[in-house]
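Enquirer: The following block contains a protein sequence and its predicted model.
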Amino acid sequence: MAINLVLNRQVNIIGASTPTIAVKTRGNKGTKLLLRIQKILEEIRALQESGAVV
């Protein structure tokens with residue numbers, strides 16, 4: 001998947017009736033974790049806007 005290549009395997013997207021995004025936290029907590037998730041979501045949005053398969 002394109003998202004795994006961009007995010008260096010930091011996330012797993014689990015396809016089901018309700019898709020789930022699993023983020024590897026690598027010990028991050030609080031604000032640091034939220035900033036990491038924000039970056040991941042921004043990368044997903046950029047891929048969607050570029051027409052890449054997410």
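Expert: Structure received. If you're wondering where the values come from, they're calculated on a predicted model, not measured in any experiment.
Enquirer: give me the low-pLDDT residue ranges for the chain?
Expert: 1-8, 52-54 (pLDDT under 70).
Enquirer: hey, where'd the strands end up in it?
Expert: In the chain, the segments counted as strands under DSSP state E are 11-14, 20-23.
Enquirer: so what's Gln10 up against?
Expert: Residues near Gln10 by C-beta atoms under 8 Å, 6 or more residues apart in numbering: 23-24, 36, 40. C-betas here are computed from N, CA, C, even on glycine.
Enquirer: Give me the longest helix you can find in the chain.
Expert: Counting by DSSP state H, the longest helix found in the chain is helix 30-50.
Enquirer: Nearest to Lys32, out of the strands of the chain?
Expert: Of all the strands of the chain, strand 20-23 sits nearest to Lys32, with 12.4 Å by C-beta to C-beta.
Enquirer: Against which helices or strands is that closest one packed?
Expert: On a contact count with 3 or more C-beta pairs under 8 Å, 6 or more residues apart in numbering; DSSP states H and E, strand 20-23 meets strand 11-14, helix 30-50.
Enquirer: Give me the outermost residue of this protein relative to its centroid.
Expert: Using C-alpha atoms, centre = their mean, the residue of the chain lying farthest from its centre is Ser17. It sits 18.4 Å away.
Enquirer: Could you find the closest non-adjacent residue to Ile14?
Expert: Thr20 (4.4 Å; C-beta to C-beta, 6 or more residues apart in numbering).
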